[in-house]
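> Pasting a predicted model and its sequence here:
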Amino acid sequence: MEDIIMVVARGTEPYAGDIMRQCFIRPFDFKHAFVVVVSGASWNPCGHTLLNTGSDNGWYFHIAERKGCPRFMRRQGYQRYLQEHQKRELRRTFVAVPNPEGAHFKLEELLAKQWSWFVLPNNCASFVEDVVQAGGSKAGLYLNCPSRERFK
C-alpha cells in the first residue's frame, strides 16, 4: 500500500526527468552536444539550461531541484517536461567538445552524486559548463543568465 501511495504522490508533481543509476550514453554522443536554454519559472527571468547529447534524439541532462541528483530524459521526456512545467525552448546552441571521453567521465561523476544548487555559483548553467569544459570546451556563460546571453 505504501508503494501505491508513493507512486500517486510522485505522479502529481510535474515531470523533471529521471535519476540515472547506470550511464547508457557513450562518449561518441558528445560529438553532437548542445546547450538548450528554456524559459524559467515566473520568479526566474534567467531561464533554465539543459545539456543535450546525441542531438534531438539523444539525451537531456539537467539539475531539477535545489538538492538532489541530476536528471535525464529522452526526447519524449523532454517534450513532457516542457509541457508540464509550461516552458518553451528559447535556443539550442551547438558546443564543440574536443575530448568526448573527458566530458563523459565528468557527466558520470556528476550523475552519481547529489548536487546542491546555490542559485548563481552552482546552478543549472554551471552543471552544463562543468561537463562540456571537462571535455575541453571553453564554452560557458559570463553573467550566468542563460536567457540573456549566449553560451559561448
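Received the coordinates, thanks.
> Could I get the full set of strands for this structure?
Applying DSSP state E to the chain gives strands spanning 33-38, 48-53, 59-62, 67-68, 71-73, 89-95, 115-116.
> quick one: average pLDDT of stretch 80-87?
For stretch 80-87, mean pLDDT rounds to 96.
> and if you look at stretch 111-125?
Mean per-residue pLDDT for stretch 111-125: 81.
> Give me the contacts around that stretch.
Applying CB atoms under 8 Å, 6 or more residues apart in numbering, the contact partners of stretch 111-125 are 20, 23, 48-50, 61-63, 65-70, 72, 127, 140-141, 144, 146, 151. (Each C-beta comes from the backbone N, C-alpha and C, glycine too.)
> Which among those count as buried?
20, 48-50, 61-63, 69-70, 72, 127, 140-141, 144, 146, 151 (16 or more other CB atoms under 10 Å).
> so which of those comes closest to Glu101?
Glu101 has its nearest neighbour among those in Phe61, at 16.7 Å by CB to CB.
> that older thread, most packed of the strands of the chain?
strand 48-53 (a mean of 26; mean count of other CB atoms under 10 Å).
> List the pairing partners of it within its sheet, with orientation.
strand 33-38 (antiparallel), strand 59-62 (antiparallel) (DSSP bridges).
> how about the CA coordinates for that strand, as CSV?
The C-alpha trace of strand 48-53 is given here as CSV (Å, rounded to 0.1, in the frame of the first residue of the first chain):
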residue,chain,number,x,y,z
HIS,A,48,17.0,27.2,-17.3
THR,A,49,19.8,25.3,-19.0
LEU,A,50,20.0,21.6,-20.0
LEU,A,51,22.7,19.6,-21.8
ASN,A,52,21.7,17.6,-24.8
THR,A,53,24.0,14.9,-26.1
